[in-house]
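Engineer: Need a 3D model of the sequence below.
(2 chains)
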Amino acid sequence: MNGNNLMCAIQMYDFYLYELNLYLDTHPTDRQALDLFKKYTELKAAAYDAYISKYGPITADQSSTDERFNWVDDPWPWERSANR
Amino acid sequence: MWAYEKKLQYPVNIKNSNPKLAQAIIDQLGGPDGELAASMRYLNQRYAAPYAQVKGVLTDIGTEELAHLEIVSAILYQLTRNLSIEQIKESGFDTYFVDHTTGIYPSGASGMPFTAAYFQSKGDPVTDLVEDLAAEQKARATYENILRLTDDPDVRDPIKFLREREIVHFQRFGEALRITQDNLNSKNFYAFNPAFDK
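Structural biologist: Residues are numbered from 1 along each chain as shown, chains lettered A, B, ... in the order given. Predicted coordinates for the structure are as follows:
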């Protein structure tokens, strides 16, 4: 997958997880929702790893610390080049 | 996008309630130099920032200010626990109580509700960063006034932390302004607006 497809996957998994989060806030013992939350947490982690190693950090604590702190590098999310 | 972390950036553990003090500290929630104005100022200004480091500083400090909003709210929450009606009347907290009970509402110490008129987003990086430098100094001065109003160590400790953060932010915004000026015409920083003129 290229960077854009990986980002689409991350946005998709994050949105699944967020929707489950909201549902679980009011149904904290729902077995089916709990299982889905676990499943997408794992899929999300794999997509994050693939994206970060190739295209850079999504949160500052994922930034490289070897040579330069690439957290600050362009593009930022509101720019078109980050959304192609 | 943003994600919530279920923790305070700095701990708040206040033994004694003090509604009169809460009415002064609320200035840093919804007052003219408060944390809500600070966060909204930086997070709105960042779209006009032309250089990556300036985008980073505005995003990161704007986000930290939301964490400070939560610390100030936790201080207000703990200062207004278990109040008797007598305490509310004697302390002068009754004017806040009648509108909000002990709920947290972003207003200034005078009771003026929060307004976006407390900050500007000019679309000009030098203008915006100079405002940000002043804003950090104004917030530092406000925290120092709060420290003059209380000798309770439980309150002073997190307030001192917040005061120190204003000084660090001032430093970072100074560097962001320098980075911006380094990218402009050294004979006339105002020759053009790098967020608009090409």
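Engineer: Low-confidence stretches in chain A?
Structural biologist: A:1 (pLDDT under 70).
Engineer: pull the longest helix from chain B.
Structural biologist: Ranked by residue count, the top helix of chain B under DSSP state H comes out as helix B:153-182.
Engineer: Identify the residues contacting B:Ile167.
Structural biologist: Applying CB atoms under 8 Å, 6 or more residues apart in numbering or on different chains, we find B:Ile167 in contact with B:136, B:140. Where you see a C-beta, it was placed from the backbone N, CA and C, and this is true even at glycine.
Engineer: My error: substitute A:Ser63 in the last question.
Structural biologist: A:56-57, A:69-71.
Engineer: Compare the residues you listed and tell me which is most surrounded.
Structural biologist: Using other CB atoms under 10 Å in any protein chain shown as the neighbour test, the contacts of A:Ser63 are led by A:Trp71, with 19 neighbours.
Engineer: Where does B:Gln120 sit, in terms of helix or strand?
Structural biologist: Here B:Gln120 is covered by no helix or strand, with elements defined by DSSP states H and E.
Engineer: contacts with chain B among the contacts of A:Ser63, please.
Structural biologist: When contact is defined as CB under 8 Å from any CB of the partner chain, the contacts of A:Ser63 meet chain B at A:Trp71.
Engineer: Identify the spatial nearest neighbour of the residue of chain A found nearest chain B, chain neighbours not counted.
Structural biologist: Across chain A, no residue is closer to chain B than A:Val72, which sits at 3.8 Å (CB to the nearest CB). Distances taken as CB to CB, 6 or more residues apart in numbering or on different chains put B:Gly56 closest to A:Val72, at 3.8 Å, once the chain neighbours are dropped.
Engineer: count of residues packed around the one you found?
Structural biologist: Other residues within reach of B:Gly56, judged by other CB under 10 Å, total 21.
Engineer: That one sits in which helix or strand?
Structural biologist: In this structure, B:Gly56 is located in helix B:52-79 according to DSSP H and E.
Engineer: Now that helix: buried residues?
Structural biologist: Applying a neighbour-count criterion of 16 or more other CB atoms under 10 Å in any protein chain shown, one finds B:53-62, B:64-76, B:78-79 buried in helix B:52-79.
Engineer: my read: A:Leu17 touches A:Tyr40, true?
Structural biologist: Yes - A:Leu17 lies in contact with A:Tyr40 (CB atoms under 8 Å); the separation is 5.1 Å.
Engineer: how close does the residue of chain A closest to chain B sit to B:Arg46?
Structural biologist: Using CB to CB, to the nearest Å, we find A:Val72 at a distance of 12 Å from B:Arg46.
Engineer: any residues in contact with both of the two?
Structural biologist: By the contact definition CB under 8 Å, 6+ apart, A:Val72 and B:Arg46 are jointly contacted by B:Lys55.
Engineer: What separation do you get for the closest residue to B:Ser39 other than its chain neighbours and B:Gln9?
Structural biologist: Once its chain neighbours are removed from consideration, B:Ser39 has its nearest residue in B:Glu65; the separation is 3.6 Å (CB to CB, 6+ apart). As judged by CB to CB, B:Glu65 and B:Gln9 stand 10 Å apart.
Engineer: hang on, the earlier thing: model confidence over the helix holding B:Gly56, on average?
Structural biologist: Averaging the model's pLDDT scores along helix B:52-79 yields 98.
Engineer: What is the helix or strand just after it packed up against?
Structural biologist: If you walk from helix B:52-79 toward the C-terminus, the next helix or strand you reach (DSSP H and E) is helix B:85-91. Helix B:85-91 makes packing contacts with helix B:19-25 when contacts are defined by 3 or more CB pairs under 8 Å, 6 or more residues apart in numbering or on different chains; DSSP states H and E.
Engineer: my guess is B:Lys55 meets B:Ala49, correct?
Structural biologist: Yes - the pair B:Lys55 and B:Ala49 passes the contact test of CB under 8 Å, sitting 4.6 Å apart.
Engineer: Remind me which helix or strand the spatially most central residue of chain A belongs to.
Structural biologist: In chain A, the C-alpha closest to the average C-alpha coordinate belongs to A:Ile10, at a distance of 4.2 Å (CA atoms, centre = their mean). Here A:Ile10, judged by DSSP H and E, is contained in helix A:3-26.
Engineer: Report how many residues lie close to residue 19.
Structural biologist: Since you didn't name a chain, this refers to chain A. What A:Glu19 shows, counting by other CB under 10 Å, is a neighbour count of 14.
Engineer: wrong chain, I was asking about chain B
Structural biologist: For B:Pro19, the neighbour count with other CB under 10 Å is 21.
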